[in-house]
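In: predicted model and sequence follow; I will ask about them next.
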Amino acid sequence: MPEKKDLYRSYGEKLISLFGRLLYSGESYSLTDLARVLGCSKQSVLRLVDDIRRAYRVEIEETLERNRKHYRLKRPAIGIPSLPLTDMELNVLWMSQAFAKHLMGERLFEEATQALLKSQTPVQEGKGASPLHFGSLKPGTIDYTAHQEIFQKLIKAMAERRICRIKYQAIWDGKAKSYYVKPLKVFSHKDTVYLHARKARTPGHKYQEAAFDPLLAVHRIQDAEITDRHFEYPADYNFEKLFNRDFGVIKEEAFKVEVEFTGWAARFVSERSWSPDQKLVRRKAGTLSLVFTTSSEAEFISWVLGFREEAKVIRPKWLVETVKQALDASLRNYG
């Protein structure tokens, strides 16, 4: 029998999450933003706001900006007392910082280190946290030290919801091109940092709908200029549904694949999640069948060939032939 969902606990968690967000950020949030962050309907957010007003007797200001309701908690004049971090909380922060060090570059890494050192002052009594216990391997990673200014501009543009003029050097183009974009999300995938955005109108030109939303590798952005033009965060934007729905960072037409694994590859694959809809079936002789959805043919082929003789594509048939051609081309490189 499936486990019963605790609706009351779920509502309580959302209540605390909303109260904490409004209390500690001091920012104004639209009703649409809060519904997306909390994973509930706008009606549920309104009920949460009313419950916070009644239970905590705090003033939540309600404003109308560009025909959208925004909410902000009026902060007390005496300020908010700092809460002590537990040893485990600080350890987790040190660990997260170490894992992301190679993605941050020296300047952002130093800023993160200073912030953590400051946070050690109010730590509760205990053994204390140390950065000496955590690290990450760097071979094959990108050095983002030279891109610190780009990161800071993108963060500022996203926070202020301002359109950017991006000068971008695509890997397949001979020279850099310029775009006007609405920066929406910076995220990492396989030790590479990306900017996902939506195309904005180029001044002096008629707007043309883009065939797809720009997905830009941050290390290939040569320059980012924050303009005076603002944009409204799209209400229909959902990063999880866009990128974490299937295998691959490139989002083309999705298709299902089946791969058979043996030996160490079978164990490796079974320990990981490749797509939310994946199905693992263990067969005789220690083989493992993996069925999942991918939206990137190129990424899939690169991935499956990395398992060498321990992986065999079963379907679709056209993909089997494509993998064979890739193997033949590789063999020709060795004469």
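Out: Perfect, I can see it now.
In: all contacts plus neighbour counts: C-alpha atoms, from now on.
Out: Fine.
In: would you tell me what the next helix or strand after the helix or strand of the chain with the lowest mean pLDDT is?
Out: Lowest on mean pLDDT, DSSP states H and E among the helices and strands of the chain sits helix 87-119, with a mean of 65. Downstream of helix 87-119, the first helix or strand assigned by DSSP states H and E is helix 148-160.
In: tell me how far that next one lies from the chain's centre.
Out: 16 Å (CA atoms, centre = their mean, to the nearest Å).
In: how about that helix as PDB, C-alpha atoms only?
Out: Coordinates of the C-alpha atoms in helix 148-160 are reproduced here as PDB (Å, rounded to 0.1, in the frame of the first residue of the first chain):
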ATOM      1  CA  GLN A 148      34.600  36.400 -12.600                       C
ATOM      2  CA  GLU A 149      33.300  39.700 -13.900                       C
ATOM      3  CA  ILE A 150      31.000  37.900 -16.300                       C
ATOM      4  CA  PHE A 151      29.500  36.000 -13.400                       C
ATOM      5  CA  GLN A 152      29.000  39.100 -11.300                       C
ATOM      6  CA  LYS A 153      27.200  40.900 -14.200                       C
ATOM      7  CA  LEU A 154      24.900  38.000 -14.900                       C
ATOM      8  CA  ILE A 155      24.000  37.700 -11.200                       C
ATOM      9  CA  LYS A 156      23.300  41.400 -11.000                       C
ATOM     10  CA  ALA A 157      21.200  41.300 -14.200                       C
ATOM     11  CA  MET A 158      19.200  38.300 -13.000                       C
ATOM     12  CA  ALA A 159      18.600  40.000  -9.600                       C
ATOM     13  CA  GLU A 160      17.500  43.300 -11.200                       C
END
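In: against which helices or strands is it packed?
Out: helix 87-119, strand 177-189, strand 221-230 (3 or more CA pairs under 8 Å, 6 or more residues apart in numbering; DSSP states H and E).
In: show me which positions of that helix end up buried.
Out: For helix 148-160, burial by neighbour count (16 or more other CA atoms under 10 Å) applies to Gln148, Ile150, Phe151, Lys153, Leu154, Ile155, Ala157, Met158.
In: what about that helix, average pLDDT?
Out: The average pLDDT for helix 148-160 rounds to 90.
In: ok, then the element right after that helix?
Out: According to DSSP H and E, the helix or strand after helix 148-160 is strand 162-168.
In: ok, that next one: who's next to it in the sheet?
Out: strand 177-189 (antiparallel), strand 221-230 (antiparallel) (DSSP bridges).
In: about what we covered before: let's have the buried residues of helix 148-160 in TSV, adding distance to Gln43.
Out: Shown next, in TSV, are these (distance: CA to CA, whole Å):
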residue	distance to Gln43
Gln148	41
Ile150	39
Phe151	36
Lys153	35
Leu154	33
Ile155	31
Ala157	30
Met158	27
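In: most widely separated two among the residues you listed?
Out: Using CA to CA, the pair of the buried residues of helix 148-160 lying farthest apart is Gln148 and Met158, separated by 15.5 Å.
In: surely Val323 meets Ile301?
Out: Yes. Val323 lies in contact with Ile301 (CA atoms under 8 Å); the separation is 6.6 Å.
In: show the contacting residues for the nearest residue to Lys175 once chain neighbours are set aside.
Out: Leaving aside its chain neighbours, Lys175 sits nearest to Gln169 (6.2 Å; criterion: CA to CA, 6 or more residues apart in numbering). Going by CA atoms under 8 Å, 6 or more residues apart in numbering, Gln169 touches Lys175, Ala176, Lys177, Arg220, Ile221, Gln222.
In: pick the one among these closest to Leu132.
Out: Arg220 (32.3 Å).
In: from Tyr71, how far off is the residue lying closest to that closest one once chain neighbours are set aside?
Out: In space, and not counting its chain neighbours, Arg220 is closest to Gln169: 5.4 Å by CA to CA, 6+ apart. As judged by CA to CA, to the nearest Å, Gln169 and Tyr71 stand 40 Å apart.
In: just to revisit the earlier point, closest one of the buried residues of helix 148-160 to Cys164?
Out: Ala157 (7.1 Å).
In: and this protein, split by domain according to the record?
Out: 7-73, 87-127, 148-240, 245-332 (automatic domain parsing).
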